[in-house]
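# Okay, here's the prediction I keep looking at, along with the sequence it came from:
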Number of protein chains: 2
Amino acid sequence: MSILCVGSVALDSVETPFAKAERVVGGSAVFFASAATLFAPVRVVGVVGNDYPLDELDFLANRGADLSGIEERVGKSFFWAGRYHSDLNGRDTLGTELGVFADFQPEIPEPFRQSRCVFLGNIDPRLQHDVLDQVRSPEVIACDTMNYWIDGSRESLVSLLNRVHILMVNDEEARQLADEPNLLRASRWIRERGPDIVLVKKGEHGAILFADDWLFFVPGFPLEDVFDPTGAGDAFAGGFMGHIERSGSLDTADLRRAMVYGSVMGSFTVERFSVGGLIDLTPEAIAERMSSFHEMTAFEAHVEVEQRV
Amino acid sequence: MSILCVGSVALDSVETPFAKAERVVGGSAVFFASAATLFAPVRVVGVVGNDYPLDELDFLANRGADLSGIEERVGKSFFWAGRYHSDLNGRDTLGTELGVFADFQPEIPEPFRQSRCVFLGNIDPRLQHDVLDQVRSPEVIACDTMNYWIDGSRESLVSLLNRVHILMVNDEEARQLADEPNLLRASRWIRERGPDIVLVKKGEHGAILFADDWLFFVPGFPLEDVFDPTGAGDAFAGGFMGHIERSGSLDTADLRRAMVYGSVMGSFTVERFSVGGLIDLTPEAIAERMSSFHEMTAFEAHVEVEQRV
């Protein structure tokens, strides 16, 4: 089985305090697939203009991604330009050109319609609905979104919640969607509208998985050199869904590991521009960072607390 | 043995989005001791005016705190008034009256000078130096500070670093002290100036312990109702040092547990005004929350990662 992933296939121009990259490959589907293909086969659906350097995605095909769902149209590819602030936590969008993405109407190839896992990257919730109309009862549907859709397409987005198992958003988006500053309450509000799981990404502060009667916290990996945060959230989603697909399980233990793989993939992503941190990644490097996360969080909870009364 | 704690013993007026408390007991020494006495005996050194409701600290004495180092002077107690923002992450100081604290000159009672652990609460680094001049070779010296001293008494503070084992600061303070936005680099800068350990508190995002060749991350405990964040950092320090004193160990395993006890104490603190969350705390409640932290962070790091090549 495979993961079906629908999202943007874009070109990014990124400025950080350290360097600059011009028109490098990016987009939610590309970052997701760059991480997820390290775990499981991925089927990508998206659209690009005839200016897109598709050969730069060869490494995905070599890792078992099926890219036949990426439609090439005459016109320009989705383009995003942004500049990160000095602490890399904030960024300004310098420009967005939708290009052929403006008319993106995801058409899921017949062989893709039977997929165990589906990842709906951050696109118009109406299109996310359209994708779900075309797939045949996937076991795990995860969905991302952003403030733009929460503001502008709330109704469509809220009705989508009832069709997905996992909502993946950042903390601000969770608060905005639920109109509730407290994350625990916000995630409950969201879960009451459909998803069994709300996965809240907090950038350098890590991520929290909120489920029915438990939650799990994974930190961000502390790095001396954060080079470019672009795509970290989608790579997190890719590591998470990749492990879910590979393990074939939704056990608590595997959801926990999926969270850590998500943070592992996010950490490799921010170490390079574009997908540079994920292209040559080895299983050994992934396993080593996984161990580092364990080392960084594991403790023995003795229960011998005695009160000094 | 005991923990010697030197800091402010204050009255706080606190406004949160939910409620208001007028002139309730607070201050770094009070919050620290309220947490640490749940683990080990504490000796408190501070100063109050003759307006201070010392009977409200009886619960500390009942838990084995020696309050004979709190000097009572004619005048007003240190008073702080603040108002928290709607998300409780920021706050405005509405007023500070130093009162008798303005002339605080810590005099360590003879029986207190031999203490295994010393906690230097957030006071003028020159006074923190004075305290260390009076104690006899403690095994563990931890120190807190704030932006006011980093700006205004940098030289004294930096020379203090060379005399302490653990610096406890929040993330902004660590960055400001090292003049370095990256926390990993900032903590190395600080450790190069003395402390073996830098403990960086990140509020709701948890805390990180940076040591020589390892680090440990503990999350904040997600709560539906954060009532009043005042004192959470000092209570964290109290839980941390309390466990260090009680365990008699500085092993990696105990430092990790100390971090979690710190976060446990911080989480109970923010659930009530003043020290209300720590007064009636039972060993069972502490053990239960400790288990919740374990539940929230534990995962098995399998190393069976296979690359899909």
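Noted; the coordinates are in hand.

# For the most centrally placed residue in chain A, which residues are in contact?
For chain A, the residue sitting closest to the mean C-alpha position, by CA atoms, centre = their mean, is A:D234 at 2.5 Å. By CB atoms under 8 Å, 6 or more residues apart in numbering or on different chains, the contact list for A:D234 reads A:G7, A:S28, A:A29, A:V30, A:F31, A:F32, A:A35, A:G121, A:D144. Quick note: C-beta positions are derived from backbone N, CA and C, even for glycine.

# Among the residues you listed, which one sits closest to chain B?
A:A35 (11.4 Å; CB to the nearest CB).

# you'd agree that closest one is up against A:G239?
Yes - the criterion here is CB atoms under 8 Å, and A:A35 meets it with A:G239 at 4.8 Å.

# and the residue nearest to the centre of chain A, that one's in a helix?
Yes - the assignment for A:D234 by DSSP: H, G, I helix; E, B strand; the rest coil puts it in a helix.

# Quick one, grab the pLDDT at the closest residue to it other than its chain neighbours.
Taking CB to CB, 6 or more residues apart in numbering or on different chains, and ignoring the residues beside it in sequence, A:D234 has A:F31 as its nearest neighbour in space, at 3.6 Å. The confidence metric pLDDT takes the value 98 at A:F31.

# so A:F31 makes contact with A:G276?
No - contact criterion CB under 8 Å: A:F31 and A:G276 do not qualify, at 11.4 Å.

# With only the CA atoms kept, save the longest helix belonging to chain A in CSV.
Longest among the helix segments of chain A by residue count, using DSSP state H, is helix A:252-269. Extracted as CSV, the C-alpha positions of helix A:252-269 are listed here (Å, rounded to 0.1, in the frame of the first residue of the first chain):
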residue,chain,number,x,y,z
THR,A,252,-0.6,4.4,20.8
ALA,A,253,3.0,3.2,20.7
ASP,A,254,3.2,3.7,17.0
LEU,A,255,1.5,7.1,17.1
ARG,A,256,4.1,8.2,19.6
ARG,A,257,6.9,6.9,17.4
ALA,A,258,5.3,8.6,14.5
MET,A,259,5.4,11.9,16.4
VAL,A,260,9.1,11.5,17.0
TYR,A,261,9.8,10.5,13.4
GLY,A,262,7.9,13.7,12.5
SER,A,263,10.1,15.8,14.6
VAL,A,264,13.2,14.0,13.3
MET,A,265,12.2,14.8,9.7
GLY,A,266,11.5,18.4,10.6
SER,A,267,14.9,18.7,12.2
PHE,A,268,16.7,17.4,9.1
THR,A,269,14.7,19.7,6.9
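
# Specify the next element, helix or strand, located C-terminal of it.
Sequence-wise, the next helix or strand downstream of helix A:252-269 (DSSP states H and E) is helix A:276-279.

# what sits against A:M296?
Applying CB under 8 Å, 6+ apart to A:M296 gives the contacts A:P219, A:F221, B:L215, B:F216, B:F217.

# Now do the SS call for A:M168.
Three-state call for A:M168 (three-state DSSP): strand.

# how much space is there between it and A:P219?
Using CB to CB, to the nearest Å, one gets 17 Å for the distance from A:M168 to A:P219.

# circling back to that earlier point, strands - which of the contacts of A:M296 land there?
Among those, DSSP state E puts B:L215, B:F216, B:F217 in strands.

# partner residues bridging A:A10?
As for beta bridges, A:A10 partners with A:G26, A:F78 under DSSP bridges.

# I'd say it and A:F31 touch.
No - applying CB under 8 Å as the test, A:A10 and A:F31 come out as separate, 9.7 Å apart.

# Between those two, which is the more surrounded one?
When A:A10 is set against A:F31 and neighbours are counted by other CB atoms under 10 Å in any protein chain shown, the residue ahead is A:F31, at 31 against 27.

# List phi and psi for that one.
phi -70, psi -40 (degrees, to the nearest 10).

# Next, the contact list for A:F18, please.
With contacts defined as CB under 8 Å, 6+ apart, A:F18 is in contact with A:F227.

# Assign it to helix, strand or coil.
When the structure is split into helix, strand and coil by three-state DSSP, A:F18 lands in coil.

# Please apply the same query to A:S115.
coil.

# List the single closest residue to it in space, sequence neighbours excluded.
Of all residues beyond its chain neighbours, the one nearest A:S115 is A:L4 (3.8 Å), with distances taken as CB to CB, 6+ apart.

# What's the local residue count around the one you found?
One way to gauge burial is a neighbour count; for A:L4, by other CB under 10 Å, it gives 27.

# Give the bridge partners for it, please.
Beta-bridge partners for A:L4, by DSSP bridges, are A:R43, A:V118.

# How about the contacts made by it?
The neighbourhood of A:L4, defined by CB under 8 Å, 6+ apart, consists of A:V42, A:R43, A:V45, A:I108, A:F112, A:S115, A:C117, A:V118, A:F119, A:V135, A:P138.

# quick one: pLDDT of the first one?
So the one you mean is A:V42. 98.

# repeat for the fifth one
In this prediction, A:F112 carries a pLDDT score of 98.

# thinking it is in contact with A:L67, fair?
No - using CB under 8 Å, A:F112 is not in contact with A:L67; the gap is 11.2 Å.

# which residue ranges form the helices in chain A?
In chain A, the helices defined using DSSP H lie at A:28-36, A:58-62, A:125-134, A:147-152, A:154-161, A:171-178, A:183-191, A:232-247, A:252-269, A:276-279, A:283-297.

# Can you tell me which of those is nearest to A:K20?
Distance to A:K20, taken as CB to CB, is lowest for helix A:276-279 among these, at 13.9 Å.

# quick check, distance from the closest one to the centre of its chain.
A distance of 15 Å separates the centroid of the chain from that of helix A:276-279, by CA atoms, centre = their mean, to the nearest Å.

# now what about that helix, what contacts it?
The set of residues external to helix A:276-279 that reach it, using CB under 8 Å, 6+ apart, is A:F31, A:S34, A:A35, A:L38, A:F59, A:A235, A:M265, A:F268, A:T269, A:V270, A:E271.

# With respect to chain B, which of those is nearest?
In terms of CB to the nearest CB, no member of the contacts of helix A:276-279 lies closer to chain B than A:L38, at 5.7 Å.

# Hmm, the closest one is touching A:E284, no?
No - no contact is recorded between A:L38 and A:E284 when judged using CB under 8 Å, the distance being 11.9 Å.

# So which of the two has more stuff around it?
Residue environment comparison for A:L38 versus A:E284 gives the larger neighbour count to A:L38, 31 against 11, counting by other CB under 10 Å.

# neighbours of A:A21, just the number please.
Residue neighbour count, defined by other CB under 10 Å, stands at 18 for A:A21.

# ok, now which ones touch the residue nearest to it when sequence neighbours are not counted?
Using CB to CB, 6+ apart and skipping residues adjacent in sequence, the residue nearest A:A21 is A:F273, 4.2 Å away. Contact partners of A:F273, counting by CB under 8 Å, 6+ apart, are A:V14, A:A19, A:A21, A:V24, A:F227, A:D228, A:T230.

# Noted, bye for now.
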